[in-house]
Structure formats: C-alpha cells, structure tokens
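Peer 1: Here's a sequence, model it:
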Amino acid sequence: MAPSSTAKPSALPSGSHLSRAELHQSVRRSHVFLRKQSHRRRLAGVVRAAPEAPSVVRAAVGAITELLRALSPNKKPRGDAGGAEPGPPLGGVEDVVAVLEDDYRRAYFLTGDFTPSIYAENCLFEDPTIKFRGRSRYSQNLDLLVPFFDSPSLELENIEKGSRVETKFVKATWKLRTYLRLPWRPLIAIRGNTTYDLNKDYKVIRHSESWDVSALEAIGQIFVSAPEQQKGS
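Peer 2: From the prediction side, this is the model:
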C-alpha cells in the first residue's frame, strides 16, 4: 500500500494544505461512513463496496496522506530514486525475479528498502486506491509511510513468471500485516498480489497491486483500533 502524496481528492478542500480543523473533520466524516458501511455489510452477510465508495476512498486517502505528512518525523526524503544508481544488469526475467525475492526478504513495502534500478523512471504504480507514475514518487511515498509501521511483517507466498501478448511479467503473492503508530493503533492485515510488467530491457514499467479486500475495507482498517477489529472478527 503506497498512497500518493500528490492525490487531490474531490471531497477535500482545494489547496496544497489542510487546516487542522478541516483535516480533523474530513477524517471524522470518513471514519463514521466506513463504520456504518462495515456494520451494514455484517448485517447483510455480503461484502460489497458502496456505490459512493470511490469518492469516499479518495477523500480518505487524501486525509490520511495529509495526516501522515503532518505527523511524520521525516521532514526530508532520504533520497530521490529518480536518479537511481545502475543496478546489476538484467539479462532476463530470472534476474528480475532474483532481485524481487531479495526485496521481499527485506520487506520492501514496509521498510522502503527496495531496488529502484529495476524500475523504469516513469513506471506506473497502482493499487485499488491510487494510481501515479514515477519511481521517485514511489520512493517518497514509502519514506512517508515507513515511520508509522509498528511490528510489520511481509511474507512472500509465491512468485512466478508469465507473459501476455508481447509483455513478460512477474507476479508475486504476499501477506502483509502491521500495526500503525497512530493513537488508536490500528492493525492492517491484507493478502494480495503484485504484478510487475516488464519492457524489452526487463525494467518494470507497471507495478500493480490487487488485494483480497475491497479498497473501502482496506481504508476502513485504518480507522478502527486493533482491539475493536479483533472484537468484530
């Protein structure tokens, strides 16, 4: 999960910064809505995203990003991956798999310790909540998130090669679990997969995540304390 630091949700006030009152109000509205939707899904016995979920998710992602930026101890990014040093030569898909396996051993989603040289500079990064381009922006987003992870774990369950039409890709299936260093200490637990599309030079041009929960449910985990999650499970 990597929220874009430049997302502009339509439900939030315009401008580069939110006031504390506006941020608090936006987070509170998202919290109330998500709790109601979670209760309705339990009553119905069916997991479905509400029709208005996309705008709510965009609002929640924007509010969370602003909140994390305000609380982040790292006021300066540790580095710009846009000018990444050349990595080991990539002679084939097997080389990409080997690099990714090392990155997963370092839990790169949760530590920010990834190998930028295997990504094209304008690589597309997307998950069920956001979509943006830029290796350097991805690095900056990880820098923003990493200080808030508490007791994180990332387990690589499977990694395989594949191809479609003229595109080769690598697909990794993983399980992520971490608490967040927020006052109510929410627990984020997601199982998902990431597909890495490669160009002719075996650089990753698309990093696409899918999850076993809806975007609404994933965002909803952030607004519920871990004890309440365990109570409702």
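Peer 1: hey, let's count contacts and neighbours off CA atoms from now on
Peer 2: Fine.
Peer 1: So for Ile205, what's the nearest residue that isn't a sequence neighbour?
Peer 2: Ranked by Cα to Cα, 6 or more residues apart in numbering and with sequence neighbours excluded, the top spatial neighbour of Ile205 is Cys123, at 4.4 Å.
Peer 1: ditto for Arg106
Peer 2: Arg106 sits nearest to Asp113 (Cα to Cα, 6+ apart), 6.6 Å away.
Peer 1: Give me the three-state assignment for the one you found.
Peer 2: Classification of Asp113 using DSSP: H, G, I helix; E, B strand; the rest coil returns coil.
Peer 1: Then Ser55?
Peer 2: On the three-state scheme (three-state DSSP), Ser55 is labelled helix.
Peer 1: next SSE after the top strand by length along the chain?
Peer 2: When the chain is parsed with DSSP state E, its longest strand is strand 149-164. For strand 149-164, the following helix or strand on the C-terminal side (DSSP states H and E) is strand 167-180.
Peer 1: ok so, going back, do you know how far the residue nearest to Ile205 is from Leu198?
Peer 2: Distance, Cys123 to Leu198, using Cα to Cα, to the nearest Å: 10 Å.
Peer 1: which neighbours do the two share?
Peer 2: By Cα atoms under 8 Å, 6 or more residues apart in numbering, Cys123 and Leu198 have these common neighbours: Val204, Ile205, Arg206.
Peer 1: The first one: what's it in contact with?
Peer 2: Under the criterion of Cα under 8 Å, 6+ apart, the contact partners of Val204 comprise Ile118, Tyr119, Ala120, Cys123, Tyr196, Asp197, Leu198.
Peer 1: Out of those residues, who's the most crowded?
Peer 2: Counting neighbours by other Cα atoms under 10 Å, the top entry in those is Tyr196, with 27 neighbours.
Peer 1: mind checking the SS state of that residue?
Peer 2: Per three-state DSSP, Tyr196 ends up strand.
Peer 1: pretty sure it is touching His207, no?
Peer 2: Yes: using Cα atoms under 8 Å, Tyr196 makes contact with His207 at a distance of 4.9 Å.
Peer 1: show me the contacts for the closest residue to Ser151 other than its chain neighbours.
Peer 2: Leaving out its chain neighbours, the residue that sits closest to Ser151 by Cα to Cα, 6+ apart is Thr178, at 5.8 Å. Taking Cα under 8 Å, 6+ apart, we find Thr178 in contact with Phe149, Asp150, Ser151, Pro152, Ser153, Leu187, Ile188, Ala189.
Peer 1: For those residues, pick the one with the most neighbours.
Peer 2: Ranked by neighbour count (other Cα under 10 Å), the contacts of Thr178 have Leu187 at the top, with 24 neighbours.
Peer 1: where does Lys200 land in three-state SS?
Peer 2: Here Lys200 is coil, with the state taken from three-state DSSP.
Peer 1: any idea how far it is from Glu155?
Peer 2: Going from Lys200 to Glu155 by Cα to Cα gives 29 Å.
Peer 1: Just the strands from this structure, written as ranges.
Peer 2: Secondary structure of the chain (DSSP E): strands at 119-126, 131-133, 149-164, 167-180, 187-198, 204-211.
Peer 1: Within its sheet, name the partner strands of the fifth one and how each one runs.
Peer 2: Listed by DSSP bridges, the sheet partners of strand 187-198 and their directions read strand 167-180 (antiparallel), strand 204-211 (antiparallel).
Peer 1: In a markdown table, list those along with distance to Leu100 and mean pLDDT.
Peer 2: Output for the strands paired with strand 187-198, formatted as a markdown table (distance: least, Cα to Cα, whole Å; pLDDT from 0 to 100):
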| stretch | distance to Leu100 | mean pLDDT |
| --- | --- | --- |
| strand 167-180 | 9 | 97 |
| strand 204-211 | 11 | 97 |
